[in-house]
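*Asks:* give me a 3D structure for the following:
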Amino acid sequence: MILRVGAWSDWPWLEHGFGTRLSERWTHQPGRSWAQQVHGATVVRVKREGPQGPADALITTEPGLLLEIRTADCLPILIVDPVRRAIAAVHAGWRGTAAGVVVAAVERMQAWCGSDPAELKAAIGPSIGPCCFEVGPEVAAKFGRQGRTFLDLAQQNAQQLRDTGVHQITVLAGCTRCDALRFHSHRRDRERAGRMEAGIRLRPALGRPQSAADTA
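*Replies:* Numbering: from 1, shown residues only. The predicted structure follows:
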């Protein structure tokens with residue numbers, strides 16, 4: 001079972017999906033590229049398959065490379081530039097959200113790929129919801145809150161995207177802690193928790209724009 005953004009299926013040059021506990025290892029394909037996720041805001045431009053070192057966001061314009069993010073409560077965020085055919089995969093826990101990792105990814109897409117934020121499309125996958133993500137005063141203070149509070153990380157990242165000029169945002173519903181049938185959750189299962197893979201790839205031979213009509 002892989003969750004996808006319906007509108008993105010109109011692009012034959014794009015493959016993407018948010019995995020669940022029912023689709024483990026679906027990203028383990030030729031071209032797979034992944035980072036050592038460190039809960040920061042480091043962004044890497046991917047030019048080859050395999051491990052990419054410490055980072056929490058991956059960007060590429062190379063067809064055939066599948067960018068993979070692994071989560072078990074944190075947010076997987078996929079970003080597409082359908083005009084320049086650039087893609088990004090972002091891992092955003094509370095630390096990465098506080099550090100602005102999704103903002104850093106958009107800024108790097110602008111710098112490295114010539115992307116216009118107004119043309120970018122983003123999808124935020126299932127994560128722990130505000131119903132279950134209670135944090136203490138120290139974490140709450142990083143988001144302008146006081147005392148113990150419940151955080152909505154999807155909303156926080158969506159607002160950061162809007163602040164960078166990205167307004168075409170899809171949020172896939174589902175709380176990873178609540179829904180044990182579909183999702184892994186570190187907060188629920190601790191060290192027994194598995195990981196879910198989100199992935200995005202420009203299909204080989206279809207990963208470069210051919211015409212203005214093709215990218216519309």
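*Asks:* so what's the residue of the chain positioned farthest from its centre up against?
*Replies:* In the chain, the greatest distance from the average C-alpha position (C-alpha atoms, centre = their mean) is reached by residue 147, at 28.8 Å. Neighbour list for residue 147: 137, 140 [criterion: C-beta atoms under 8 Å, 6 or more residues apart in numbering]. (Each C-beta comes from the backbone N, C-alpha and C, glycine too.)
*Asks:* pLDDT wise, what is it at?
*Replies:* What the model reports for residue 147 is a pLDDT of 93.
*Asks:* state the distance from it to residue 138.
*Replies:* Per C-beta to C-beta, to the nearest Å, residue 147 is found 11 Å from residue 138.
*Asks:* next: residue 76.
*Replies:* Plainly put, residue 76 is 25 Å away from residue 138 if you go by C-beta to C-beta.
*Asks:* out of the two, which sits in the more crowded spot?
*Replies:* Using other C-beta atoms under 10 Å, the more surrounded residue of residue 76 and residue 138 is residue 76, with 27 against 7.
*Asks:* where does that one land on pLDDT?
*Replies:* On the pLDDT scale, residue 76 gets 98.
*Asks:* likewise residue 205?
*Replies:* On pLDDT, residue 205 comes in at 78.
*Asks:* so what's it closest to, chain neighbours aside?
*Replies:* Nearest residue to residue 205 in three dimensions, chain neighbours excluded: residue 63, at 6.9 Å (C-beta to C-beta, 6 or more residues apart in numbering).
*Asks:* residues near the one you found, how many?
*Replies:* Here the count is done by other C-beta under 10 Å, and residue 63 has 16 residues near it.
*Asks:* so it sits in a helix?
*Replies:* No - Residue 63 is assigned coil when assessed by DSSP: H, G, I helix; E, B strand; the rest coil, not a helix.
*Asks:* can you tell me which residue is spatially central in the protein?
*Replies:* residue 77 (1.8 Å).
*Asks:* C-terminal to whatever helix or strand it lives in, what's the next element?
*Replies:* Using DSSP states H and E, residue 77 sits within strand 75-81. Downstream of strand 75-81, the first helix or strand assigned by DSSP H and E is strand 86-92.
*Asks:* distance from that following strand to the middle of the chain?
*Replies:* Put simply, strand 86-92 sits 5 Å off its chain's centre (C-alpha atoms, centre = their mean, to the nearest Å).
*Asks:* tell me where this structure has strands.
*Replies:* With DSSP state E applied, the chain shows strands at 2-3, 14-19, 32-36, 43-45, 50-54, 57-60, 66-71, 75-81, 86-92, 121-124, 134-135, 149-150, 168-171, 196-202, listed in chain order.
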